[in-house]
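Asker: please work out how this folds:
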Amino acid sequence: MTKLIQRYLLVWLSLLSLAAYYWPQTGISFDPWVHTSQLPYLIIVTMFGVGWMLPIDEIKKVASRWPTIIGGTLTQFLVMPMLALGIGIAFGLQGDMLVGVILVGCVPGAMASNVLTIVSKGNASYSVSLTSLATLLSPIAVPTMLAISASFVDASTLEVLEGANDDSGSVYLTSGIKLLKWVVIPVIAGFLMGRLLPQYEQQAKVIGSNVANLAILLIIATVVGASREKLATLPLLVFICLLLINIFGYLGGFTGGTLMKLPHPMKRALTLEVGMQNAGLGATLATELFTSPDSLVSIAPAFYTFFCMFTGTILAWYWSSKHVQESSDESVDEAQPA
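Answerer: Reported below is the predicted structural model:
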């Protein structure tokens, strides 16, 4: 089941999203695709599974090669927010649309990048380490990058950010607290559970992987279903922006790996990690922070998932057919910085 979901994830994503969009035409009164209140729970369950699947070896690898992992994580949190903000402003986006695009750039890398790194003959352990560190840092990094971006936007976009639904008086503090509750605590809890019950490691990997994939499918389909009446009004410009952010994100990741003089398998991992954002987390965060019935903020993160899954799969397939410069198995799975 795991391979079936992972291999055809883009197909399942498209089918479920189409089902969510056209659901009213079935004539069924109950609409399962408009209940966005379930989304945080899907994120929590997913992150708990990710923590359970995280091997203790990965923690040791982070400590042993911290310069390359910190360098890759900084690349992630510098390149993508700058691209999202710059491209969004250059294309004249404002208000909800610009906030959604900025949010795409601020969230950590997607877990799907780990799978595609394996397909691309990249360094899988480096990919997992990057995703893990970026995810754990998200309660600090995401609000920080949002706040920095806010200083460059127009008045209407700033009004959207400041008008977010929160109790603390600061959308940045609220987003950090939510990410702490949804991401960091579940990951740590899952990791500790895995250490307490090591005999279930293999089962946890299978179940956790399936839950993570199913969760992203449900999150994106729910956002599409809840926003179906607004989708037809979206300008084509938004989709062009998202595609450009994705492509230049890959270029930024590969350039960062080149500047750090990483072995080629690690550059492949960093390229996919930077370009593929955890848009499901971004969409969920948007639905919780921007709760106005007319809000369009969550749409950009939701649709970014399509772009990064499509382009990431193509890139991984292309690389899978190419010879890796470092020919040994160790270079692919355990490569050290040059």
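
Asker: tell me the contacts of the most centrally placed residue in the chain?
Answerer: Closest to where the C-alpha atoms of the chain average out (C-alpha atoms, centre = their mean) is residue 278, at 0.8 Å. By C-beta atoms under 8 Å, 6 or more residues apart in numbering, the contact list for residue 278 reads 107-111, 135. Heads up, the C-betas are built off the backbone N, CA and C, glycines and all.

Asker: which ChimeraX command selects the buried ones in the residues you listed?
Answerer: Those of the contacts of residue 278 that count as buried under 16 or more other C-beta atoms under 10 Å are selected in ChimeraX with:
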select :107,108,109,110,111,135
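
Asker: what number of residues lie near residue 70?
Answerer: 13 (other C-beta atoms under 10 Å).

Asker: helix, strand or coil for it?
Answerer: helix (DSSP: H, G, I helix; E, B strand; the rest coil).

Asker: ok, the closest residue to it other than its chain neighbours to residue 81 distance?
Answerer: Nearest residue to residue 70, sequence neighbours excluded (C-beta to C-beta, 6 or more residues apart in numbering): residue 133, at 7.7 Å. According to C-beta to C-beta, to the nearest Å, residue 133 and residue 81 sit 17 Å apart.

Asker: widest-spaced pair of the contacts of residue 278?
Answerer: Using C-beta to C-beta, these span at most 11.9 Å, a distance reached by 107 and 111.

Asker: follow-up on the earlier one: may I ask which helix or strand encompasses the residue nearest to residue 70?
Answerer: Using DSSP states H and E, residue 133 sits within helix 124-150.

Asker: so which bits of that helix are buried?
Answerer: Buried, per 16+ other C-beta under 10 Å, within helix 124-150: 124-139, 141-147, 149-150.

Asker: what's the next helix-or-strand element following it packed up against?
Answerer: Sequence-wise, the next helix or strand downstream of helix 124-150 (DSSP H and E) is helix 155-162. Under the contact criterion of 3 or more C-beta pairs under 8 Å, 6 or more residues apart in numbering; DSSP states H and E, helix 155-162 touches helix 95-106, helix 124-150.

Asker: would you single out the least confident of these?
Answerer: The stretch with the lowest mean pLDDT among the helices and strands packed on helix 155-162 is helix 124-150, at a mean of 90.

Asker: now do it and helix 155-162, the angle between them.
Answerer: 120 degrees (axes from the mean of the first three to the mean of the last three C-alpha atoms, to 10 degrees).

Asker: you'd agree residue 215 is up against residue 283?
Answerer: No - Residue 215 lies out of contact with residue 283 (C-beta atoms under 8 Å); the separation is 11.5 Å.
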